[in-house]
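> Coordinates only, no sequence provided:
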C-alpha cells in the first residue's frame, strides 16, 4: 500500500513540475487566443490553457481513482479469503 502511494505521489509531483510544458494549445485554441490578443484581451489565453490542462488531467484522475478503489477492494477480498481459509484449517485440525 505504501509503495502504491509513493508511486502515485511521484506521478503527481512529476505532473505538477511539468505543467509549464503542458500549457500547449491546439490549433483552434491558438487561433482564438491570437484573435482575442489582437483585440487587446490578454486573459483569454490563460483561461484556455487552464481549461486544456483540466480536460487533459480528468480522465487520468478518474482512471487512478477507479484503480485505487479496485486495488482496495481486491485487498479486502483477499483478507476475507485468508480469514476463512485459516478458520477452516483451524476447524480441521481440532477434529
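Everything's here; your move. Keep in mind that this is a model prediction, so the values were computed, not measured.
> I'd like the next helix or strand past the helix or strand of the chain with the lowest mean pLDDT.
Least confident helix or strand, the chain: helix 27-38 with a mean of 69, by mean pLDDT, DSSP states H and E. Where DSSP states H and E defines the elements, the next helix or strand beyond helix 27-38 is helix 43-94.
> Remind me what that next one packs against, helices and strands.
If contacts are counted by 3 or more Cβ pairs under 8 Å, 6 or more residues apart in numbering; DSSP states H and E, helix 43-94 sits against helix 2-17, helix 27-38. C-beta coordinates here come from the backbone N, C-alpha and C atoms, glycine included.
> How far off centre is that helix?
Computed by Cα atoms, centre = their mean, to the nearest Å, the chain-centroid distance of helix 43-94 equals 11 Å.
> Tell me, please, where in the chain the pLDDT is lower than the cut-off.
For the chain, the stretches with pLDDT under 70 are 19-27, 29-30, 37-46, 95.
> Go ahead and flag the most central residue of it.
When Cα atoms, centre = their mean is applied to the chain, the residue found nearest the centroid is residue 61 (2.7 Å).
> Distance-wise, check that one relative to residue 67.
Plainly put, residue 61 is 11 Å away from residue 67 if you go by Cβ to Cβ, to the nearest Å.
> Next: residue 56.
Using Cβ to Cβ, residue 56 is found at 18 Å from residue 67.
> ditto for residue 80
From residue 80 to residue 67 the distance is 21 Å (Cβ to Cβ).
> Residue 90 too?
Distance from residue 90 to residue 67, counting by Cβ to Cβ: 35 Å.
> If you count surrounding residues, which of the two has more?
Higher neighbour count among residue 90 and residue 67: residue 67, with 12 against 9, using other Cβ atoms under 10 Å.
> I figured residue 8 was touching residue 64, is that so?
Yes: contact status for residue 8 versus residue 64: in contact at 6.8 Å, counting by Cβ atoms under 8 Å.
> I'd like to know how many residues surround the closest residue in space to residue 4 that isn't next to it in sequence.
Nearest non-adjacent residue to residue 4, counting by Cβ to Cβ, 6 or more residues apart in numbering: residue 71, 6.7 Å away. By other Cβ under 10 Å, the residues close to residue 71 number 12.
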